[in-house]
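J.: Need a 3D model of the sequence below.
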Amino acid sequence: MARSLRLFGLYIAIQVFCGVAERLFLSIDCGGTANHTDGSGIKWVGDDGYIKTGKAAQVQVKNSYYQQDNSLRYFPPRRRAAM
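T.: You can find the predicted model right below:
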């Protein structure tokens, strides 16, 4: 009986942690423009609301089926003014 209560308590603790963790963690899709959820249930957000510099680009990844692998953000070198 005591073991069953401990297992039940552990189950409840895991469920509570998972619910809290989902709200605490943020998965940012660098270069992504839209929010989406992957096959594992992870919610991804585009980085437009977090960064305004750099350039976003779409890439073709042959060996990946994850949507977040198809975008990136890069930072080209700035031109310097002549002195």
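J.: Strands along this structure, start to end?
T.: For the chain, the strands defined by DSSP state E occupy 27-29, 36-37, 43-46, 55-58, 71-74.
J.: Roughly how far does the residue nearest to the spatial centre of the chain sit from residue 61?
T.: Taking CA atoms, centre = their mean, the centroid of the chain lies closest to residue 27, which sits 1.9 Å from it. Distance, residue 27 to residue 61, using CB to CB, to the nearest Å: 17 Å. (Glycine included, C-beta is placed from N, CA and C.)
J.: repeat for residue 38
T.: Distance, residue 38 to residue 61, by CB to CB: 14 Å.
J.: more neighbours, these two?
T.: Neighbour count, other CB atoms under 10 Å: between residue 38 and residue 61, residue 38 has more, with 14 against 11.
J.: That one is in contact with residue 29, isn't it?
T.: No - with contact defined as CB atoms under 8 Å, residue 38 does not count as touching residue 29 (9.6 Å).
J.: pLDDT on stretch 15-22, on average?
T.: The pLDDT scores in stretch 15-22 average 64.
J.: picking up where we left off before, quick check: the residue nearest to the centre of the chain vs residue 72, distance?
T.: The value you get for residue 27 to residue 72, if CB to CB is used, is 15 Å.
J.: Likewise for residue 59?
T.: Computed as CB to CB, the residue 59 to residue 72 distance reads 6 Å.
J.: And for residue 39?
T.: Distance from residue 39 to residue 72, by CB to CB: 20 Å.
J.: Repeat that for residue 55.
T.: Counting by CB to CB, the gap from residue 55 to residue 72 is 9 Å.
J.: Show me which of the two is the more surrounded one.
T.: Using other CB under 10 Å, the more surrounded residue of residue 55 and residue 72 is residue 72, with 17 against 10.
J.: correct me, but the more buried one touches residue 54?
T.: No - applying CB under 8 Å, one finds residue 72 not in contact with residue 54, separated by 9.4 Å.
J.: low-confidence ranges in the chain?
T.: 17-23, 64-68, 81-83 (pLDDT under 70).
J.: redo that, cut-off 80
T.: Along the chain, segments meeting pLDDT under 80 span 1-2, 4-5, 7-25, 60-70, 78-83.
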